[in-house]
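**Q** coords please:
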Amino acid sequence: MSVLVERHDRVLVATINRPEARNAINTAAAEGIAAALTELDESDDLSVGVLTGAGKGFCAGMDLKAFLAGERPAVPGRGFAGIVERPPAKPLIAAVEGFAVAGGFEIALACDLIVAAEDATFGLPEVRRGLLPGGGGLLRLPTRVPYAVALEWILTGRRVTAREAHAAGLVSRLAGTGTALATALDLAREIARNAPLAVRAAKRIVVESPSWPAGEAFARQREIYEPVRSSQDAIEGARAFTEKREPNWRGA
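**A** The predicted structure follows:
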C-alpha cells in the first residue's frame, strides 16, 4: 500500500510507503493521505495525527514518472498529496527523516508541527528548475519563519538543515537520527492527553484568526470558544483539577 495507517491510542500515524521512489507522491499516495486525514477528523477516538515517510526520507515531492504517465497526484477538495489545500481540522505533526524537498517540504508545511531528525534537510528547489512551489510553499513558509529567511530559502532554492530550520522556528523538536517518529509520537501523546474539543478549537482559532478583521477578532473567537467553555469536558476539567485527579474526557 502507498500509505500505511496505524493507531496508537488517540494518535493516528500515516506513513508514505514508497521508499523505492523516495516517497514521491503519485495518485495512490495522494488518495491514501487524504483517506488518512478523513479518518483522523471523523473518528471521535482520535485526537492527533502524525505523518511520516518510510525508509530514509520523508518525501521528495511529486512522482515525475507518474506525472509523465498522465497521473495528477491531487485529490479534489484537498489538492496536491491530498493535504496541501485542506489539512485536517485536528492537529497534524510531520515526522521528518532524511529529506523533505519540493512538494515534500510543502506537505510538511501543511502540517501544524514539524519534528525532524538532526541530519534531515528541507528545500524548495523549484526556481532552480524554472518552476515555482505551487503546493503552498510560497504561501505557508513566510508565515512559519521570518520573512527574509523565507524569501532567501525560496529564491536560492538551497537545502536547509534541520538545525537551521529549528533555529528559525520552523522545526518544533529536533530528534536523533532514526528517532523522528518516536519523538513525534511523544509530542502527539502529550497533545492527546488534553481535552479534544479544546485542542481542535484552539487549532482552528490559531489557523483562522490571521484573516479576521481586527475589529471582529474577539467576537469570532467567542463563537468558537463558547461551545467549548460550556461543554461537559470543561466541567470535567475543572472538577478533575479540584479533585486532584486526571480528567476523563468525553469529547462533548
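**Q** please count neighbours and contacts with C-alpha atoms only from this point.
**A** Will do.
**Q** can you read off the pLDDT for residue 250?
**A** pLDDT, residue 250: 89.
**Q** what's the following helix or strand after the helix or strand of the chain with the lowest mean pLDDT?
**A** For the chain, scoring each helix and strand by mean pLDDT, DSSP states H and E identifies helix 64-68 as the least confident one, at a mean of 86. Counting by DSSP states H and E, the next helix or strand C-terminal to helix 64-68 is strand 74-75.
**Q** would you check that residue 33 makes contact with residue 81?
**A** Yes - taking CA atoms under 8 Å as the definition, residue 33 is a contact partner of residue 81 at 6.7 Å.
**Q** so between the two, which is more surrounded?
**A** Between residue 33 and residue 81, residue 81 has the larger neighbour count (other CA atoms under 10 Å), namely 29 against 26.
**Q** OK, contacts around that one?
**A** Taking CA atoms under 8 Å, 6 or more residues apart in numbering, we find residue 81 in contact with 25-27, 29-31, 33-34, 73-75, 107.
**Q** any idea which element the nearest residue to it once chain neighbours are set aside lies in?
**A** Once flanking residues are discounted, residue 81 sits nearest to residue 30: 4.0 Å by CA to CA, 6 or more residues apart in numbering. Under the criterion DSSP H and E, the helix or strand holding residue 30 is helix 27-42.
**Q** ok so, going back, and the residue nearest to residue 81, how close does it get to residue 61?
**A** With distances taken as CA to CA, to the nearest Å, residue 30 is found 11 Å from residue 61.
**Q** in this protein, which spans are helices?
**A** With DSSP state H applied, the chain shows helices at 27-42, 64-68, 103-110, 137-144, 147-156, 162-167, 180-192, 196-208, 217-229, 232-242, listed in chain order.
**Q** quick one: residue 66 and residue 29 touch, right?
**A** No - here residue 66 lies out of contact with residue 29, judged by CA under 8 Å, at a distance of 11.2 Å.
**Q** the more surrounded of these two?
**A** Each of residue 66 and residue 29 has its neighbours counted (other CA under 10 Å); residue 29 has more, 25 against 15.
**Q** just to check, the more buried one is in contact with residue 16?
**A** Yes - using CA under 8 Å, residue 29 makes contact with residue 16 at a distance of 6.8 Å.
**Q** which residues are in contact with each of these two?
**A** Residues touching both residue 29 and residue 16 (CA under 8 Å, 6+ apart): 2-3.
**Q** tell me the contacts of the closest residue to residue 179 other than its chain neighbours?
**A** Counting by CA to CA, 6+ apart, residue 179 lies nearest to residue 117, which is 6.7 Å off, once chain neighbours are set aside. Contact analysis of residue 117 by CA under 8 Å, 6+ apart lists 96-98, 162, 174-180.
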